[in-house]
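J.: Return a 3D structure for these sequence lines:
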Amino acid sequence: MSEIIGSPSKYGLDNHSLSNSGTVYWGLRAPALVELISQRGEGQLSEYGAVVVETGDHTGRAPNDKFIVREGASSDQIWWGEVNREFEPAAFELLHSQVLDYLNERELFVQDAAAGASERYRAPIRVVSENAWHALFARNLFLRLPEAEAASQIPKYTILHAPNFKADPEIHGTNSEVFIVVNFERGIILIGGSRYAGEIKKSIFTVMNYELPLQGVLSMHCSANQSESGEVALFFGLSGTGKTTLSSDPARDLIGDDEHGWSDEGVFNFEGGCYAKTIRLSPEYEPIIWNATEKFGTVLENVIMDHVSREIDFDDGKLTQNTRAAYPLEAVEKRVPSGMGGHPNNVFFLTADAFGVLPPISRLSPDQAMYYFLSGYTSKLAGTEKGLGDEPQATFSACFGEPFLPLHPSKYAELLGERIAKHKSAVWLVNTGWTGGTFGVGERINLPFTRAMVTSALDGSLAEVPTRTDEIFGIEVPVRCSGVPDEVLDPQATWADKEAYVTQAKSLAASFGENFAKYEEYVTGSVVAAGPAK
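T.: Reported below is the predicted structural model:
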């Protein structure tokens, strides 16, 4: 019989076929978890009380190791292919049983939590891990429940997290020793072979991206904030494009930094915390995130620390460029406690254009919004995924979150189009990438300039400024913006070689067209025509 320390649920581990004979730490809060992390040698405390941990070989997501079990009603809904690799039920049974055997021989850490600030669309979840620091990560990131509610909750999805269990591809049918296997029919998620905590977070995001659109709710890979008067803004974008940075605005209240739903009532956060990139973090440019890294119980992942002084060096990326901070929303002073807001007034599509040819900001028509949403153009930055080198890679990621979409992208685009039209949301394309040339030649667009452009869009002043139509991309580009030099607004003006700019821009435009061909049958002709010139 196992010893239970903490606040156990009435819905016991036996419901998951776990019969652990060791200690189970259930529902522990940050102070107790931090003590255990230190005692177990899982991490160390920084000078301010953040927990510093390392993930070993795997410092980013492993998209090629993610699978969905093909069985039951969900099999007819899934967008099968490279994004959603199928996993046979028999293979799942074998892997599941061996993960259970593995976990039954270890001390366990259990957190009962939830995803979805809207009670109507909330998903009860449970995380069972062999590591205390992963339990703290889950507690920081997901919605924390009152003790009585946690004790009576029956999880709809349970993560069995065994980071030190390595799969054998020949036996288990995986791609490598790493596995993230989602079984929608049984509400089970198996994660192993990697200590990278982002796999926990994104597996639940995948679940919400499956559940909500089937209920008519748009699930979104975006951050959200609101003004004092309640005007909401959304920021779509993949890792490294600025979602967390731009939504962490001292002048606005944060709703959430990464995952949201948009229902008939408005937007709502899926999470109870933030998972911010910290490489080269600046207290001047990103004070809200900086302050959160100095809070007790924040998890600093793969961040470099002096083990004597316990000082943090955010500029050191020797372990990975994908250094992270995981902290509860309570670490953000200006936040929306409910995690909910109204319908968005402004929607921003963020892209880190490594080719340096997209304008830093432009206004999109409704058809262009659909086109660029389905395209999801950005550049994958070093370290955010296993297998990426030091050079960014241009990519098209549907809906700015393709790796996490169980359904066909057209489903999400259809819902977005309906909501933008109904609520008359302004849509902006913002390039937070390069200017003055391609990556390696030009430089990253100055963050204060980006903030100034976003602020002008939010206060309505940018909508009143004359625009020019970009000859290649067809988007409307403001000719001036308060706080931004005029030449910065015109990417060609920042290039020394103007002809090289045109050549590069036309090349990217052609790539847009080639990528969008697979979506043409799902959209109207006006949306197809809204793309760059062919």
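J.: How are the helices of this structure distributed by residue range?
T.: Along the chain, counting by DSSP state H, helices occupy 30-39, 89-103, 132-141, 147-152, 169-172, 198-211, 243-247, 287-292, 366-375, 409-423, 447-458, 498-516, 525-529.
J.: Now the longest one: buried residues?
T.: Spelled out, that is helix 498-516. For helix 498-516, a neighbour-count test (16 or more other CB atoms under 10 Å) marks 501, 504, 505, 508, 509, 511, 512, 515, 516 as buried. C-beta here means a position set from N, CA and C on the backbone, and glycine is covered the same way.
J.: I'd like the domain boundaries of this structure, if you could list them.
T.: Per automatic domain parsing, the domain ranges recorded for the chain read 4-40+62-195, 218-271+338-529.
J.: nearest to residue 310, of those?
T.: domain 4-40+62-195 (12.3 Å; CB to CB).
J.: quick one: that closest one to chain centroid distance?
T.: Between the centre of domain 4-40+62-195 and the centre of its host chain there is 19 Å, according to CA atoms, centre = their mean, to the nearest Å.
J.: I'd like the average pLDDT over it.
T.: Domain 4-40+62-195 carries an average pLDDT of 97.
J.: what's the answer for stretch 256-270, then?
T.: 97.
J.: And stretch 229-247, by the same measure?
T.: Mean predicted confidence for stretch 229-247 is 91.
J.: Okay, now it: how far is its last residue from its first?
T.: Start-to-end span of stretch 229-247 (CA to CA, to the nearest Å) is 16 Å.
J.: now do stretch 232-252
T.: Start and end residues of stretch 232-252 are separated by 9 Å (CA to CA).
J.: The chain should start at 215 in everything you say after this.
T.: With 215 as the first residue, the last one maps to stretch 446-466.
J.: burial of residue 571, as a residue count?
T.: Residue 571: 29 surrounding residues under other CB atoms under 10 Å.
J.: check contacts around the spatially closest residue to it that is not a sequence neighbour.
T.: Nearest residue to residue 571, sequence neighbours excluded (CB to CB, 6 or more residues apart in numbering): residue 719, at 4.1 Å. Going by CB atoms under 8 Å, 6 or more residues apart in numbering, residue 719 touches 569, 571, 686, 687, 705, 706.
J.: Could you export these as JSON lines, including distance to residue 561?
T.: Shown next, in JSON lines, are those (distance: CB to CB, whole Å):
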{"residue": "569", "distance to residue 561": "24"}
{"residue": "571", "distance to residue 561": "22"}
{"residue": "686", "distance to residue 561": "23"}
{"residue": "687", "distance to residue 561": "18"}
{"residue": "705", "distance to residue 561": "22"}
{"residue": "706", "distance to residue 561": "26"}
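J.: What ranges does the stretch 365-514 of the chain have for its strands?
T.: All strands of the stretch 365-514 of the chain, identified by DSSP state E, counting those that start in this stretch, fall at 371-376, 393-397, 402-406, 432-440, 446-450, 467-470, 473-477, 480-483, 487-491, 513-515.
J.: meant to ask about the stretch 565-714 of the chain
T.: With DSSP E, counting those that start in this stretch applied, the stretch 565-714 of the chain shows strands at 575-578, 591-594, 607-610, 640-645, 648-649, 657-658, 681-683, 690-692, listed in chain order.
J.: Please compute how far the last one lies from its chain's middle.
T.: Read that as strand 690-692. With CA atoms, centre = their mean, you get 28 Å for strand 690-692.
J.: returning to that earlier point: by neighbour count, which of the contacts of residue 719 wins?
T.: Within the contacts of residue 719, neighbour counts (other CB under 10 Å) peak at residue 571, which reaches 29 neighbours.
J.: My guess is that residue contacts residue 722. True?
T.: Yes - between residue 571 and residue 722 there is a contact under CB atoms under 8 Å: 5.6 Å.
J.: where do the contact lists of those two overlap?
T.: In contact with both residue 571 and residue 722: no residue, using CB under 8 Å, 6+ apart.
J.: Dihedrals phi and psi, the residue nearest the centre of the chain?
T.: For the chain, the residue nearest the mean C-alpha position is residue 472 (4.8 Å; CA atoms, centre = their mean). Main-chain dihedrals, residue 472, degrees, to the nearest 10: phi -150, psi -40.
J.: how about it, what does it touch?
T.: Contacts for residue 472 (CB under 8 Å, 6+ apart) come out as 419, 435, 436, 437, 457, 458, 485, 488, 489.
J.: need the contact list for the last one.
T.: When the contact criterion is CB under 8 Å, 6+ apart, the partners of residue 489 are 355, 411, 412, 415, 458, 471, 472, 538, 539, 540.
J.: how much space between the closest residue to it other than its chain neighbours and residue 607?
T.: Counting by CB to CB, 6+ apart, the nearest residue to residue 489 once its immediate chain neighbours are dropped is residue 540, at 5.1 Å. Using CB to CB, to the nearest Å, we find residue 540 at a distance of 26 Å from residue 607.
J.: which one of those two has more residues nearby?
T.: Taking neighbours as other CB under 10 Å, residue 540 and residue 607 compare with residue 540 leading, 28 against 14.
J.: Let me know whether that one touches residue 354 as I believe.
T.: Yes - under the criterion of CB under 8 Å, residue 540 makes contact with residue 354 at 4.9 Å.
J.: joint contacts of these two?
T.: Joint contacts of residue 540 and residue 354 (CB under 8 Å, 6+ apart) are 487, 512, 513.
J.: What residues does the last one make contact with?
T.: Listed by CB under 8 Å, 6+ apart, the contact partners of residue 513 are 257, 264-265, 267, 347, 350-351, 354, 411, 538-541.
J.: hmm, try it at 7 Å
T.: 265, 267, 347, 350, 351, 354, 540 (CB atoms under 7 Å, 6 or more residues apart in numbering).
J.: The first one now?
T.: Each residue near residue 487 by CB under 7 Å, 6+ apart is listed here: 354, 355, 540, 541, 542, 543.
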